[in-house]
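Colleague: give me the fold of what follows.
(one chain, ligands or ions: 1)
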Amino acid sequence: MNEYFWFGNIAISLDQKLGKVNTRTNISNDLDFKIVNDFRNNICAIGVGSNTIMVDDPSLNVKEHLLDGKKVLSQPTVIIFDRRGVVTLDKEIFKKNNNRTIIWVNNTNVGHELPKNIHLVKGVDLIDIKNKVENKLSDIGVYGAIMIEGGASFIHSCLSEGVLQYLRIFSNDKIIGQNGVQFRFNHLTNYKLIYDNKLDNGMEYIYKLNSK
Ligand SMILES: NC(=O)c1ccc[n+]([C@@H]2O[C@H](COP(=O)([O-])OP(=O)(O)OC[C@H]3O[C@@H](n4cnc5c(N)ncnc54)[C@H](OP(=O)(O)O)[C@@H]3O)[C@@H](O)[C@H]2O)c1
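Modeller: Here you go, the predicted structure:
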């Protein structure tokens, strides 16, 4: 059996929002960006929910200029958790020149042949999906840590199901207000806070899943 290490990383505002509804929102600061970029350079895969792809349209790549002289080791495989198949192929992550290896959890009939770098996985239950994603990664020879970067609904599901061994939260000092996507701390009842640290205008916190 292959062992994959799953952890989550998110940024929230002082009023515990992950962003503004349906708007790409920057919550990180420069130090946090570097830490997350370093994580991306040392993991095998990065996962996000479908709505994050549609709203933020992220590249999810490692940025060399944030590595303080270190080299990009490889661009992590992207995992898109999109059970209902709402993600469209015009998004940044699918751009040909990116040539990223993508695992796309999508239960719809895509209806046409996909490029070889895109691997479809089907499933509804999160634990079943997790196992299938790990099997697919192993099939294509990709091993290591898997970082889940949001959004709210997918992170909440992963926390409730105990999929994430650790969750790192960067919290800044800004208020987003009413039109925000809420992070719900009650999903952390099975986690304990093991680390906190000041990062300029924010704090980072690390939570660890309680052992059974
Ligand atoms: N601050 C941060 O760190 C950060 C990071 C990323 C995104 N964001 C923000 O978060 C927002 C997006 O969050 P969101 O909650 O709207 O959407 P999301 O979590 O990105 O995506 C939601 C989708 O993920 C899929 N999903 C959820 N639970 C699942 C499960 N158990 N198994 C498989 N798939 C599952 C769902 O598909 P189904 O519909 O089939 O359930 C659901 O529609 C955006 O505003 C974005 O800017 C913030």
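
Colleague: what about the closest residue to Asn117 other than its chain neighbours, how many neighbours?
Modeller: Distances taken as Cβ to Cβ, 6 or more residues apart in numbering place Thr101 nearest to Asn117, at 5.2 Å, with adjacent residues excluded. Heads up, the C-betas are built off the backbone N, CA and C, glycines and all. The criterion is other Cβ atoms under 10 Å. On that basis, Thr101 has 19 neighbouring residues.

Colleague: residues touching Thr101, list them.
Modeller: Taking Cβ atoms under 8 Å, 6 or more residues apart in numbering, we find Thr101 in contact with Thr77, Val78, Asn117, His119, Ile140, Val142.

Colleague: just say helix, strand or coil for Tyr195.
Modeller: In three-state terms, and counting by DSSP: H, G, I helix; E, B strand; the rest coil, Tyr195 is strand.

Colleague: sticking with the residue lying closest to it once chain neighbours are set aside, tell me its helix or strand.
Modeller: Closest residue to Tyr195 apart from its sequence neighbours, by Cβ to Cβ, 6+ apart: Ile206 at 4.0 Å. Under the criterion of DSSP states H and E, Ile206 resides in strand 202-209.

Colleague: what does Asp128 give?
Modeller: Using DSSP H and E, Asp128 sits in helix 126-139.

Colleague: quick one, what contacts Ile118?
Modeller: The neighbours of Ile118, taking Cβ under 8 Å, 6+ apart as the test, are Phe94, Ile102, Trp104.

Colleague: show me where pLDDT drops low in this structure?
Modeller: Along the chain, the parts satisfying pLDDT under 70 run over 1-2.

Colleague: how about a cut-off of 50?
Modeller: Flagging of the chain using pLDDT under 50 yields an empty set of residue ranges.

Colleague: from the centroid of it, which residue is nearest?
Modeller: Closest residue to the average C-alpha location of the chain: Glu149 at 2.2 Å, with Cα atoms, centre = their mean.

Colleague: relative to Leu67, how far out is that one?
Modeller: Glu149 sits 18 Å away from Leu67 when distances are taken as Cβ to Cβ, to the nearest Å.

Colleague: please apply the same query to Val78.
Modeller: Here the distance between Val78 and Leu67 works out to 19 Å (Cβ to Cβ).

Colleague: and these two? Which one has more around it.
Modeller: Neighbours were tallied for Val78 and for Leu67 using other Cβ under 10 Å; the higher tally belongs to Val78 (24 against 16).

Colleague: secondary structure element holding that one?
Modeller: Since the elements are taken from DSSP H and E, Val78 ends up inside strand 77-81.

Colleague: that strand packs against which elements?
Modeller: Taking 3 or more Cβ pairs under 8 Å, 6 or more residues apart in numbering; DSSP states H and E as contact, the helices and strands that strand 77-81 lies on are strand 45-49, helix 50-56, strand 102-105, helix 126-139.

Colleague: the helices in the chain, which residues?
Modeller: Assigned helices in the chain, in chain order: 30-42, 50-56, 126-139, 152-160 (criterion: DSSP state H).

Colleague: buried residues in the shortest one?
Modeller: Taking 16 or more other Cβ atoms under 10 Å as the neighbour-count basis, helix 50-56 is seen to contain the buried residues Ser50, Asn51, Thr52, Ile53, Val55, Asp56.

Colleague: those also near the ligand: which ones?
Modeller: With Cβ under 6 Å from any ligand atom as the criterion, the subset of the buried residues of helix 50-56 in contact with the ligand comprises Ser50, Asn51, Thr52, Val55, Asp56.
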